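Visitor: model this:
(2 chains)
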Amino acid sequence: MDAFFQWLETSGPSTVLRENPSIMVFPFILILHTVGLGFLVGANVAINGRVLGLARGMPVLSMRRYYRVMWAGFWVNAFSGMLLLIAYPTKALTNPVFYLKLALIAVALWMARAIRRRAQAAPVAAGTRAPQALRALALAGMACWLIAIFAGRFLAYTCTRLTWEHSC
Amino acid sequence: MLIAFEWNWFSLMHWDWLNDQLRAVLNTLYYTPLGEFTRNSRWAWPILESLHFIGLSLLIGTIGMFDLRLLGFARAVPIGAMHRLIPLGISGFLINISTGICFICAAPDQYLFNSAFRWKVVFLTIAGLNVLFFYTRVFRRLESFSENMPPPLAARIVGGVSLGAWVGVMSAGRLITFFRP
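Guide: From the prediction side, this is the model:
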């Protein structure tokens, strides 16, 4: 694994991402990752908030377009996250918290899809309470996003190795 | 990583009167119990940062999604009903004000004398004034917006300004660490 880290971190793209001092390189990628997070988790907050009983005047399916916002946020973050990973592969891949974060995101996305499928099979009309199974999914989804955000932020504080040759 | 002010035109550091006022409160903020705690506790900083991102998500999840609806996106959503999400966004905003105050007290000079932080305050002010405009000029007519119809121009302007301002707040916030004095 170390040979791979060394190869990647001494490659052109990784070096540029890590060492270019322009605001438009590393800081801009972090901005993308933050704004993407806002829209990815935000769309889930709105949909799950409705399922959990806030703003019940909205039929759940009327919000279906917000899944597009969610997936747009997801792809922005998959892309920016990949660039961050290319910049600092050792830092992320040697930290168990990183895998926890990815697993939580996968579970949360699966739950968002399950909520959509169930709402399409049995629509939740304006003013009505969502069925218990749907509410359980929404609550579990919010818990996943919450812990995923903590995990993401803690990556910077729990890493043991920064690059193949430097420790954190 | 320290990045020099390569784009000097956006520096907001030239207002001497403001700098003097802020310099006078640096020590007071630094030695508050809140500042001491945030600075010295092993895990306070990452926990507060995580909460700051959670507050951000609540804010974008409610106010941001409402702004998209004001812009004409997701027209199937009854907008009057959607407004009931806003209290959740206000709770996110309060989380972020509280955690933000902790950061400022922990290292006041790093924020108050930081161009990115000052831009963040500028964007927050724009968002705040826009909220005033929304509640005085648009909110009363909200119930009359019909679903599946384009919203009135005033609503679209308010939604666009709000969305732009919050993206500005997030971007400037993320840049703070690169503009530390």
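
Visitor: How much space separates residue A:115 from residue B:79?
Guide: As judged by CB to CB, to the nearest Å, residue A:115 and residue B:79 stand 22 Å apart. C-beta: built from backbone N, CA, C; applies to glycine.

Visitor: what packs against the host helix or strand of residue A:113?
Guide: Counting by DSSP states H and E, the element that carries residue A:113 is helix A:96-121. Counting contacts by 3 or more CB pairs under 8 Å, 6 or more residues apart in numbering or on different chains; DSSP states H and E, helix A:96-121 packs against helix A:26-51, helix A:66-87, helix A:132-158.

Visitor: Ok, which of those helices comes nearest chain B?
Guide: helix A:26-51 (2.7 Å; CB to the nearest CB).

Visitor: Tell me, how many residues neighbour residue A:168?
Guide: Residue A:168: 14 surrounding residues under other CB atoms under 10 Å in any protein chain shown.

Visitor: so it makes contact with residue A:155?
Guide: No: Residue A:168 lies out of contact with residue A:155 (CB atoms under 8 Å); the separation is 10.2 Å.

Visitor: thinking again about what came up before, of the helices and strands packed on helix A:96-121, which stretch is the most buried?
Guide: When you average the neighbours per residue for each of the helices and strands packed on helix A:96-121 (mean count of other CB atoms under 10 Å in any protein chain shown), helix A:26-51 leads with a mean of 24.

Visitor: Quick one: list the elements packing against whichever strand or helix holds residue B:173.
Guide: Using DSSP H and E, residue B:173 sits within helix B:153-175. Judged by 3+ CB pairs under 8 Å, 6+ apart, the packing partners of helix B:153-175 are helix A:26-51, helix B:65-71, helix B:115-133.

Visitor: can you put those helices in CSV and add mean pLDDT and distance to residue A:108?
Guide: Shown next, in CSV, are the helices and strands packed on helix B:153-175 (pLDDT from 0 to 100; distance: least, CB to CB, whole Å):
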stretch, mean pLDDT, distance to residue A:108
helix A:26-51, 98, 7
helix B:65-71, 97, 17
helix B:115-133, 97, 28
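
Visitor: so which of the ones you listed gets nearest residue B:54?
Guide: With CB to CB as the criterion, residue B:54 lies closest to helix A:26-51 of the helices and strands packed on helix B:153-175, at 8.4 Å.

Visitor: Contact partners for residue 47?
Guide: Picked chain A for this. For residue A:47, the contact set (CB atoms under 8 Å, 6 or more residues apart in numbering or on different chains) comprises A:60, A:63, A:66-67, A:70, A:112, A:115, A:138.

Visitor: nope, chain B
Guide: residue A:150.

Visitor: wait, what's in contact with the residue nearest to residue A:144 when sequence neighbours are not counted?
Guide: The shortest distance from residue A:144 to any non-neighbouring residue, by CB to CB, 6 or more residues apart in numbering or on different chains, is to residue A:108 (3.7 Å). The contact partners of residue A:108, by CB under 8 Å, 6+ apart, come to A:44, A:141, A:144-145, A:148.

Visitor: Try it again at 10 Å.
Guide: A:40-41, A:44, A:48, A:140-148 (CB atoms under 10 Å, 6 or more residues apart in numbering or on different chains).

Visitor: and the gap between residue A:94 and chain B?
Guide: According to CB to the nearest CB, to the nearest Å, residue A:94 and chain B sit 18 Å apart.

Visitor: With residue A:22 instead?
Guide: 7 Å.

Visitor: Does that residue belong to a helix, a strand or coil?
Guide: coil (DSSP: H, G, I helix; E, B strand; the rest coil).

Visitor: For it, grab the count of nearby residues.
Guide: Residue A:22 has 12 neighbours, counted by other CB under 10 Å.

Visitor: from what I can see it touches residue A:28, true?
Guide: Yes: between residue A:22 and residue A:28 a contact is recorded at 8.2 Å, counting by CB atoms under 10 Å.

Visitor: tell me the contacts of the nearest residue to residue A:105 once chain neighbours are set aside?
Guide: Using CB to CB, 6+ apart and skipping residues adjacent in sequence, the residue nearest residue A:105 is residue A:148, 5.4 Å away. Neighbour list for residue A:148: A:37, A:40-41, A:100-108 [criterion: CB under 10 Å, 6+ apart].

Visitor: JSON lines for these, including distance to residue A:119?
Guide: Formatted as JSON lines, the contacts of residue A:148 follow (distance: CB to CB, whole Å):
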{"residue": "A:37", "distance to residue A:119": "24"}
{"residue": "A:40", "distance to residue A:119": "19"}
{"residue": "A:41", "distance to residue A:119": "19"}
{"residue": "A:100", "distance to residue A:119": "29"}
{"residue": "A:101", "distance to residue A:119": "27"}
{"residue": "A:102", "distance to residue A:119": "26"}
{"residue": "A:103", "distance to residue A:119": "25"}
{"residue": "A:104", "distance to residue A:119": "22"}
{"residue": "A:105", "distance to residue A:119": "21"}
{"residue": "A:106", "distance to residue A:119": "21"}
{"residue": "A:107", "distance to residue A:119": "19"}
{"residue": "A:108", "distance to residue A:119": "17"}
